[in-house]
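Colleague: this one's sequence-less:
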Ligand code: G3P
C-alpha cells in the first residue's frame with residue numbers, strides 16, 4: 001500500500017519524507033488556503049517546492065469547474081513538474097476533462113468521490129487515481145471503508161487500472177481498514193501516519209532491552 005500525505009505544509013511534508021515511507025502528496029484548495037498560499041505565481045511555486053521534496057506523485061487541484069477551464073489549468077499544472085497529478089472534481093465536465101487528460105498521457109486524480117457509481121465513471125474516463133472521501137462519509141453516518149471495498153470489487157471485476165486512493169482519512173484505524181480491503185493508496189494527515197508507529201509493548205520492550213544491556217555492561221566493567 002502506498003502512503004501519501006494529505007497536506008500543503010512543507011514542514012509536514014519534509015517530516016513525512018524523513019520517515020522513509022512516503023510515496024506521494026495530495027493537496028486541495030482548502031489545504032493550500034490553510035498554508036496561506038494564494039495567487040497563481042505563489043501557488044505554482046508551492047507545487048514546485050513540494051515536488052522538490054518528494055519524488056512521487058503530487059496532486060494539484062484545478063479550481064475551474066468548466067471543461068475548457070479545467071483543461072487549461074490542468075495542462076498548466078502538469079507542465080510545472082513531471083510529478084504533478086491533476087486533481088479534478090467528480091462533476092460532468094470533470095469526467096470529460098479526465099478523459100481528455102488521459103488521452104494526452106497526463107495523470108489525474110478524481111476527487112470528491114462518495115459513491116461506487118462515481119468511481120466507475122472515473123475509471124471509465126481513464127483516471128489514474130480515484131479519491132473516495134471516507135472520513136466525510138463516516139461524518140454522515142455512512143461507512144466510508146465499505147465504499148473502498150465496493151470500488152475495489154468493481155475495479156477488479158473489470159480490470160480497471162485506476163488506483164483506489166483512500167482520502168479524508170482521519171486516524172490510523174482508517175489506514176489499517178483501507179489496507180485490509182485493498183486500497184492501493186492511503187492519503188493521510190501526518191498524525192495518522194505517526195500513530196502507526198506507536199505501541200506500548202514496543203516502548204516497554206525497548207526500555208527493557210536497553211536496561212538489560214546497561215546492566216550487563218555494568219556487570220562486565222565490575223568484573
Ligand atoms: O484531500 C482530500 C481529503 O483528504 C480531505 O479530507 O479531512 O478534509 O475530509 P478532509
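Modeller: Good, I have the coordinates. A quick note: this is a predicted structure, and the numbers were derived from the prediction, not measured.
Colleague: over to the spatially most central residue of the chain: give its phi and psi.
Modeller: Here the mean C-alpha position of the chain is nearest to the C-alpha of residue 187 (CA atoms, centre = their mean), at a distance of 2.6 Å. Backbone torsions for residue 187, taken as degrees, to the nearest 10, come to phi -100, psi 120.
Colleague: cool, residue 74 as well?
Modeller: Dihedral angles (degrees, to the nearest 10) for residue 74: phi -60, psi -40.
Colleague: can you pull the pLDDT of the nearest residue to it once chain neighbours are set aside?
Modeller: Nearest-residue entry for residue 74: residue 86, 3.9 Å, with adjacent residues in sequence omitted and distances by CB to CB, 6 or more residues apart in numbering. In this view, the C-beta of every residue, glycine as well, is placed from N, C-alpha and C. We have a pLDDT of 98 for residue 86.
Colleague: work out for me the element residue 86 sits within.
Modeller: Applying DSSP states H and E as the criterion places residue 86 in strand 84-89.
Colleague: contact residues of the chain facing the ligand?
Modeller: Within the chain, the positions near the ligand by CB under 6 Å from any ligand atom are 6, 26, 28, 133, 135-136, 167-168, 187.
Colleague: if we use 8 Å, what do you get?
Modeller: Contact residues, the chain versus the ligand (CB under 8 Å from any ligand atom): 6, 26-28, 30-31, 59, 111, 131, 133, 135-136, 139, 167-170, 187, 189.
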